[in-house]
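> Got a sequence here, can you build the structure:
(one chain, ligands or ions: 3)
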Amino acid sequence: MNIAKVIVDVPASSINQTFDYKIPERFRAMLLPGMRVIVPFGPRKIMGYVVKRVNESSFDKLKEIADVLDLTPILTPELLELGKWLAEKTVSLYITAFQAMLPQVLKANYKKELERLSRESLSAELEALFAGRDFIPYGALENSQVNFHQVQKAIQNGDIAVHYLVKSRVTKKYVTYLKPTREVHLLEEALQDMSGRAKKQQELLAFFINQSQAIELNSVLKQFKTTRSTVNALVDKGLLATFKQEVYRNPYDDHTFEETEALELTVEQREAIEPIKQNIKENAHDVFLLHGVTGSGKTEIYLQAIQDVIDKGEEAIVLVPEISLTPQMVKRFKGRFGSNVAVLHSGLSNGEKYDEWRRVHRREVQVVVGARSAVFAPFENLGIIIIDEEHENSYKQEDQPRYHARDVAVHRGAYHHCPVILGSATPALESYARAHKAVYKLSSLTRRTNDKAMPDVNVVDMRKELHAGNRSMFSRSLKENMEKRINRGEQVVLLLNRRGYSTFIMCRECGHVRECPHCDIALTYHKYSNQLKCHYCSYEEPMPLYCPSCNSDLIRFFGTGTQRIEEALTKLIPQARVLRMDVDTTRRKGAHEKLLNQFANKKADILLGTQMIAKGLDFENVTLVGVLTADSMLNLPDFRASEKTFQLLTQVSGRAGRHDLPGEVIVQTYTPEHYSIELASRYDYWQFYQQEMQMRKKFQYPPYVFLALITISHENHVKAVQSTQQIVKSLWKHVRKETVILGPTPSPIARVKDRYRYQCMIKYKHEPELRTLINKINRQFADEINKHDLQISVDMQPYQLM
Ligand SMILES: Nc1ncnc2c1ncn2[C@@H]1O[C@H](COP(=O)(O)OP(=O)(O)OP(=O)(O)O)[C@@H](O)[C@H]1O
Ligand SMILES: [Zn+2]
Ligand SMILES: [Zn+2]
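Numbers count the residues shown, from 1 in each chain. Ligands and ions are numbered 1, 2, ... in the order given. As a prediction, this is how the structure comes out:
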């Protein structure tokens, strides 16, 4: 077994296979599948993952593994299999699938450098570049005046060489400790011998005479108000020693979590949890859809099911949407399970994420709570996987590998013979349809645990407001209601239902809209910097004073961003204290939490925000929720627009009146008759489900069919169209009669970063060979992709259609 099969870190479809390497003597005893290695590949060295050890290879001259980066495998045998499955299922590369399962810092870091080999003098430019050094970073060359031809020649002559270095980015955090190194009587002797002037040294030494344990250096320095030089003096005398010890970065260090205990379950909760407990007891795998209205106690069910799993000595994964990974949410799990919980989400630094991941890897915790990628937590005895708010789009990764966490969870649940729970007040249509067909087991929670009624929803027709002469974005009833609540000392949540958070610029004279020069999308206006920005490529320009098209000075911003609403709001109700929460105000680490704390401490009357305020918040003083434009999502070119609107309205309504004070919801819309608005206002999920299913059937969308979206992009417009046409043609040749292929059509955003984008959509019921076919097409275009920068991206079961 002295040959390793390795998946190498080269993201190209022509290299999407294992390569054989000889295992040198020194690694033979320790090398296991799932470890990272460094291997020679062409002229350089790169990282790779060992997936298997074998005896024989069909190639003779094998190269040797150069180094091994891990002492224990970082991918378990299950995850190695899962990665393979994931890559095939999503039509991605094996290497990208593996990397998606691991924390960022375990990916390799590549560096290029130049080495001077010859002692003889080089050209003047090269001498200046090396400036007496033997090694210089490659970047120095790129930033210099030296031309590459000269460098090439020097390389050919053997005067200099280029090296490719692989570095593991892993950074462990170490803390320095201080401890005595002599027996007490020797320390005492030394103390007596010390000169009277070394006051601080004496104090320190006296301290360690009384206590022989190691102490963190920083705390010693603080306690004795002294500096490192005092310590060094004692270290030099051989009395004390310093040493380093690895510590975990704990992002929740400064939080204390109040301990909670299991609550007595309501009748509904008991009925819902029973079959789950049964599953856990019997090591059985079912997928449960827990459909419960907001505030019905789904989380308590998760907690009690997890307790069973812990008692059995097994492990639990809980996925929550990134946005609701608030301290409020973390508290519920840490409160119940204490330090037995690791938390993984994108708000952590890379180092923190790595440390939390290692606590899982080393089995130091049994529970992980995290966003999408936590579904890959390297547990080996999984007892349950829970996905809260399972309808959330953020569970779909919009990047290679384009996987849905729900699919991964179900796959892992089957492997581990354990239950998977999907919880939501508004399940995804796909999930509910599966429950309806008894593929999933349905449990319903129809009432809030405190039996509080769901808040009344009043739909306001904004067209009537306009007719009555009210041109503002606040209806009269919303304004009056806000004032009433604020005067009573209650709080208001205002939702701006919009994807973008800023505004676009339009000339009132000629209608010119300022667009990004590299993308077919309007630039958005950022007030604080007075800049126009592109959300797709980060292009930026200053806000023009005159219209670039007609020179008029009537160029203004349009649309209703949160910033503008905030301004209008402060004019409308001057006494109101407004907190704005959007991408802009929450960018900085911890900002999200700070804003929520301010609101919880009643430092503001109104919390105004985008989608991110709709989820999971629970403030007892909130009695009014206002939705400014309920229909703004309905016009997007997305077959899920109605579903998303229904989900959002239901979620945000659930924020009001969760405690003693009764709540109310005001929904402003221009299309009050739309079924998703009307049915959300009555909390009628079942009606909505039926009606929406009819639409999906009529227009042939999921869950009636599967979708695959292929997007082709190139800098040359004609090339993009032609390639798409070719792809569509070869697809037609091989798919079944019932399968539909739409396209080529320009993507809804037809140009991004100067690349033209075309797409085709495949709608199919049964196409077992589709993935193979797409892979074949990919290979046919390999040359165009490698040499002519054609990009083909495949999204199986897309959620983002733009
Ligand atoms: N059996 C119970 N007895 C008393 N209180 C309960 C019980 N179960 C849950 N609760 C409380 O009811 C409130 C709502 O429960 P929880 O947050 O779990 O609901 P949820 O369905 O997860 O809500 P949402 O979907 O809005 O997040 C919480 O304050 C919780 O502590
Ligand atoms: Zn752009
Ligand atoms: Zn103009």
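> hmm, who's touching the longest strand seen in the chain?
In the chain, taking DSSP state E as the definition, the longest strand is strand 740-752. Contacting residues not belonging to strand 740-752 are listed as 518-521, 536-537, 637, 700, 705, 711-713, 721, 724-725, 728, 731-732, 735, 756-764, 801-802 [Cβ atoms under 8 Å, 6 or more residues apart in numbering]. Just so you know, the C-beta spots here come from the backbone N, C-alpha and C atoms, and that holds for glycine as well.
> what about the helix or strand following it, near ligand 2?
Sequence order places strand 755-764 as the next helix or strand after strand 740-752, per DSSP states H and E. No. Strand 755-764 does not reach ligand 2 (Cβ under 5 Å from the ion); its nearest approach is 10.7 Å.
> Point me to the residue of the stretch 601-750 of the chain nearest ligand 3.
Residue of the stretch 601-750 of the chain nearest ligand 3, by Cβ to the ion: Ala750 (23.2 Å).
> any idea how far His788 is from that residue?
Going from Ala750 to His788 by Cβ to Cβ, to the nearest Å gives 20 Å.
> Tyr536 now?
From Tyr536 to His788 the distance is 23 Å (Cβ to Cβ).
> same deal with Ser144?
In this view, Ser144 and His788 are 30 Å apart by Cβ to Cβ.
> Give the bridge partners for Val492, please.
For Val492, the beta-bridge partners under DSSP bridges are Ile606, Leu624.
> these two touch, right, it and Arg485?
Yes. Val492 lies in contact with Arg485 (Cβ atoms under 8 Å); the separation is 5.6 Å.
> overlap in contacts of those two?
By the contact definition Cβ under 8 Å, 6+ apart, Val492 and Arg485 are jointly contacted by 605, 623-624.
> Can I have the buried ones of those as a PyMOL selection?
Buried members of the shared contacts of Val492 and Arg485, defined by 16 or more other Cβ atoms under 10 Å, are picked up in PyMOL with:
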select buried, resi 605+623+624
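> Let me know the closest of the shared contacts of Val492 and Arg485 to ligand 1.
Using Cβ to the nearest ligand atom, Thr623 comes nearest to ligand 1 of those, at 16.1 Å.
> The closest one against His659, yeah?
No. Thr623 is beyond contact range of His659, at 9.5 Å (criterion: Cβ under 8 Å).
> Show me what the lengthiest helix in the chain is packed against.
Ranked by number of residues, the top helix in the chain under DSSP state H is helix 717-734. Using 3 or more Cβ pairs under 8 Å, 6 or more residues apart in numbering; DSSP states H and E, the elements in contact with helix 717-734 are strand 706-714, strand 740-752, strand 755-764, helix 770-780.
> Confidence-wise, which of those is weakest overall?
For the helices and strands packed on helix 717-734, mean pLDDT drops lowest on strand 740-752, to a mean of 88.
> got the buried residues for it?
So, applying 16+ other Cβ under 10 Å, buried residues of strand 740-752: 741, 743-744, 746-747, 750-752.
> Among those, which one sits closest to ligand 2?
Nearest to ligand 2 among the buried residues of strand 740-752: Val752, at 6.7 Å, using Cβ to the ion.
> Specify the beta-bridge partners of the closest one.
According to DSSP bridges, beta-bridge pairing links Val752 with Arg755.
> Show me the shaky parts of this protein.
Along the chain, the model assigns pLDDT under 70 to residues 164-171, 250-256, 324-325, 498-503, 558-560, 615-616, 635-636, 802.
> Can you get me a residue count around the closest residue to ligand 3 within the stretch 201-350 of the chain?
For the stretch 201-350 of the chain and ligand 3, the shortest gap (Cβ to the ion) falls at Ile323, measuring 38.5 Å. Neighbourhood size, Ile323 [other Cβ atoms under 10 Å]: 21.
> who's in contact with the residue nearest to it when sequence neighbours are not counted?
Computed as Cβ to Cβ, 6 or more residues apart in numbering, the closest residue to Ile323 that is not its neighbour in sequence is Met612, at 4.9 Å. By Cβ under 8 Å, 6+ apart, Met612 lies in contact with 323, 581-582, 586, 592.
> Am I right that Met612 sits in a helix?
Yes. Applying DSSP: H, G, I helix; E, B strand; the rest coil, one finds Met612 inside a helix.
> Can you report phi and psi for Phe130?
Note on Phe130: backbone dihedrals following degrees, to the nearest 10 are phi -70, psi -30.
> mind starting the numbering at 19 from now?
Right, with 19 as the first residue, what we last looked at is Phe148.
> Show me what Leu132 is bridged to.
Bridge pairing for Leu132 - DSSP bridges - gives Ile154, Val180.
> gap between it and Pro42?
28 Å.
> With neighbour numbers in mind, choose between those two.
Leu132 (23 against 14).
> residues contacting that one?
For Leu132, the contact set (Cβ under 8 Å, 6+ apart) comprises 148, 153-156, 158-159, 169, 178-181.
> let's go with 7 Å and repeat that
Taking Cβ atoms under 7 Å, 6 or more residues apart in numbering as the contact definition, Leu132 lies against 154, 156, 159, 178, 180.
> Based on its surroundings, how many neighbours for the first one?
Think Ile154. Look at Ile154: counted by other Cβ under 10 Å, it has 17 neighbours.
> Spit out the contact partners of it.
The contact partners of Ile154, by Cβ under 7 Å, 6+ apart, come to 131-132, 147-148.
> out of those residues, which one sits closest to ligand 2?
For the contacts of Ile154, the nearest to ligand 2 is Glu131 (34.2 Å; Cβ to the ion).
> Distance check, Gly388 against ligand 3.
Computed as Cβ to the ion, to the nearest Å, the Gly388 to ligand 3 distance reads 49 Å.
> Could you pull up phi and psi at the residue nearest to that residue when sequence neighbours are not counted?
When the adjacent residues along the chain are set aside, Gly388 lies closest to Leu362, with 3.3 Å between them (Cβ to Cβ, 6+ apart). The phi/psi pair for Leu362 (degrees, to the nearest 10) reads phi -130, psi 110.
> Do I have it right that Leu362 meets Val386?
Yes. Using Cβ atoms under 7 Å, Leu362 is in contact with Val386, at 6.2 Å.
> if I pick the one residue sitting closest to the centre of the chain, what's in contact with it?
Closest to where the C-alpha atoms of the chain average out (Cα atoms, centre = their mean) is Ser364, at 5.5 Å. Each residue near Ser364 by Cβ under 7 Å, 6+ apart is listed here: 340, 389.
> Next, it: secondary structure please.
Three-state assignment for Ser364 (three-state DSSP): coil.
> swap in Arg452?
Arg452 is classified as helix under three-state DSSP.
> What residues does the residue lying closest to it once chain neighbours are set aside make contact with?
For Arg452, ignoring the flanking residues on the chain, the nearest one in space by Cβ to Cβ, 6+ apart is Tyr458 at 4.7 Å. Tyr458 sits next to 305-307, 449, 452 when contact means Cβ under 7 Å, 6+ apart.
> Show the backbone phi and psi for Tyr458.
phi -100, psi 160.
> Distance check, it against Ser449.
For Tyr458, the distance to Ser449 equals 7 Å [Cβ to Cβ].
> so what sits against both of these two?
Contact criterion Cβ under 7 Å, 6+ apart; residues shared by Tyr458 and Ser449: Leu307.
> is it true that Leu550 lies in a strand?
Yes. Using three-state DSSP, the assignment for Leu550 is a strand.
> Do I have it right that it meets Arg532?
Yes. Leu550 is within contact range of Arg532, at 6.0 Å (criterion: Cβ under 7 Å).
> who in the protein is up against ligand 3?
Close to ligand 3, as judged by Cβ under 5 Å from the ion, the chain has residues 525, 527-528, 530, 565, 567-568, 570.
> List the contacts of Leu49.
Leu49 touches 22, 41, 68, 86, counting by Cβ under 7 Å, 6+ apart.
> Go through those and give me the one with the most neighbours.
Result: Ala22 is most packed of the contacts of Leu49 (other Cβ under 10 Å), 30 neighbours.
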